[in-house]
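Participant: take this sequence and fold it.
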Amino acid sequence: MQKTEIDLYYTTLDLEPEYRDFFGKAVKGIQEELKRIGIDQEIQVERVGDDLLDRGKSVALISWLNFMFTKYPFCRTKFVLACDEKHPLAKNARSKQSNAKCGATIRQGTISLIYKFGHRHAVWHEILHLLGADDCYDDRDPGPTCDREKCVMQWEPTEENCGSDLVLCETNIGLIKEHLGQLSFA
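Facilitator: Next comes the predicted model:
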């Protein structure tokens, strides 16, 4: 089986510089964390400039992304947006997914929106959804509902709850490996 490189594009919308820097470091750190737990996946991380996301261009970009990700649900291209929790995109996501405390992943696992900062684990949690991971919590049990107490896919993925390194349950490691095997070069 040919190994597929993932293109992970990220950008920030109207964030203060310290949050932009924090977010960028968290996104760039995911590949090393995945390798440490046995998922050896090449991820090409690239920041998309804010100029692409001005009001006029963002409508075109989101329309294109919707088209691409509907046509290619196992697309190797992933996109991560970060914004303040008061941003209209964050408000819209929370209105559709009431349990989305820190972020939401949409479009069949191809676009993640992150709007609550302070912990790189929350950023990793949403990126792992892009790679096929499921939540380890439900509405009745904030979890983790898996066999790993410090699994990052829990309801509140903070360093206090998850430890300093990425911890992922065996179920989600399997789901990620399965998803990576289905990716196309689209």
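Participant: and Pro36, what does it touch?
Facilitator: No Pro there; residue 36 is Arg. Listed by CB atoms under 8 Å, 6 or more residues apart in numbering, the contact set of Arg36 reads 165-166. (Glycine included, C-beta is placed from N, CA and C.)
Participant: same deal with Glu46?
Facilitator: Neighbour list for Glu46: 7-10 [criterion: CB under 8 Å, 6+ apart].
Participant: what about the protein, any weak spots by pLDDT?
Facilitator: Scanning the chain for pLDDT under 70 picks out the ranges 1-4, 50-75, 107-108, 184-186.
Participant: show me where this protein has strands.
Facilitator: In the chain, the strands defined using DSSP state E lie at 6-13, 43-47, 77-83, 103-106, 111-114.
Participant: let me have those in a markdown table, adding distance to Ile37 as columns.
Facilitator: Formatted as a markdown table, those follow (distance: least, CB to CB, whole Å):
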| stretch | distance to Ile37 |
| --- | --- |
| strand 6-13 | 16 |
| strand 43-47 | 14 |
| strand 77-83 | 19 |
| strand 103-106 | 20 |
| strand 111-114 | 19 |
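Participant: about what we covered before: could the contacts of Glu46 be laid out in a markdown table, adding neighbour count?
Facilitator: Formatted as a markdown table, these follow (neighbours: other CB atoms under 10 Å):
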| residue | neighbour count |
| --- | --- |
| Asp7 | 15 |
| Leu8 | 22 |
| Tyr9 | 18 |
| Tyr10 | 23 |
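Participant: of those residues, closest to Cys102?
Facilitator: Tyr10 (15.5 Å; CB to CB).
Participant: nearest to Arg140, of the strands of the chain?
Facilitator: Going by CB to CB, the one of those nearest Arg140 is strand 103-106, 19.9 Å.
Participant: what lies in contact with the closest one?
Facilitator: For strand 103-106, contacts defined as CB under 8 Å, 6+ apart pick out 93-94, 96-97, 111-116, 122-123, 125-126, 129-130.
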